[in-house]
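K.L.:
What shape does this take:
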Amino acid sequence: IGHPQLKSFYAEGVKNFNERDMIAEDGQLLRPDRLNFQEDRVTIIDYKTGAESPTHREQIEAYAGVLSRMNFGINKKLLVYINDGISIRNV
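P.N.:
Reported below is the predicted structural model:
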């Protein structure tokens, strides 16, 4: 939470939801790691371990699609890889 690119999402007073279920139109259950809300815009943060994978990007895009259809603007989509160090990818 102290990482320079992430600390603003953990500041006091920031509205966020951790691991909240969302249901897609097709009934699929989705659970993003963290949603950070600023008015009608949202930043999606998903934490991963191991190697990067195209499925990680597909997953965060699915979250963004559902949120967009709920009339939220997407501020950022971040994949945070926590292995030996922290690596952040903007999607």
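
K.L.:
how about the strands in the protein?
P.N.:
Secondary structure of the chain by DSSP state E: the strands cover 15-18, 22-23, 29-30, 34-38, 41-48, 73-82, 86-90.

K.L.:
How many neighbouring residues does the spatially closest residue to residue 71 that is not a sequence neighbour have?
P.N.:
Closest residue to residue 71 apart from its sequence neighbours, by Cβ to Cβ, 6 or more residues apart in numbering: residue 40 at 7.1 Å. In this view, the C-beta of every residue, glycine as well, is placed from N, C-alpha and C. For residue 40, the count of nearby residues is 9 (other Cβ atoms under 10 Å).

K.L.:
correct me, but residue 40 touches residue 73?
P.N.:
Yes. Using Cβ atoms under 8 Å, residue 40 makes contact with residue 73 at a distance of 5.9 Å.

K.L.:
So, low pLDDT: which residues of this protein?
P.N.:
By pLDDT under 70, the low-scoring segments of the chain are 1.

K.L.:
Run through the bridge partners of residue 17.
P.N.:
When bridges are called by DSSP bridges, residue 17 pairs up with residue 35.

K.L.:
Tally up the residues packed near the closest residue to residue 3 other than its chain neighbours, please.
P.N.:
Distances taken as Cβ to Cβ, 6+ apart place residue 86 nearest to residue 3, at 5.4 Å, with adjacent residues excluded. Residue 86 has 13 neighbours, counted by other Cβ under 10 Å.

K.L.:
cool, residue 56 as well?
P.N.:
Considering only other Cβ under 10 Å, residue 56 is surrounded by 17 other residues.

K.L.:
who touches it in this structure?
P.N.:
Shown in contact with residue 56 (Cβ atoms under 8 Å, 6 or more residues apart in numbering): 46, 48, 79.

K.L.:
Pairing partners for the first one in the sheet, please.
P.N.:
Going by DSSP bridges, residue 46 is paired in beta bridges with residue 79.

K.L.:
Distance of it relative to residue 13?
P.N.:
According to Cβ to Cβ, to the nearest Å, residue 46 and residue 13 sit 23 Å apart.

K.L.:
Compare these two (neighbour count), which wins?
P.N.:
Ranked by neighbour count (other Cβ under 10 Å), residue 46 and residue 13 place residue 46 first, with 21 against 4.
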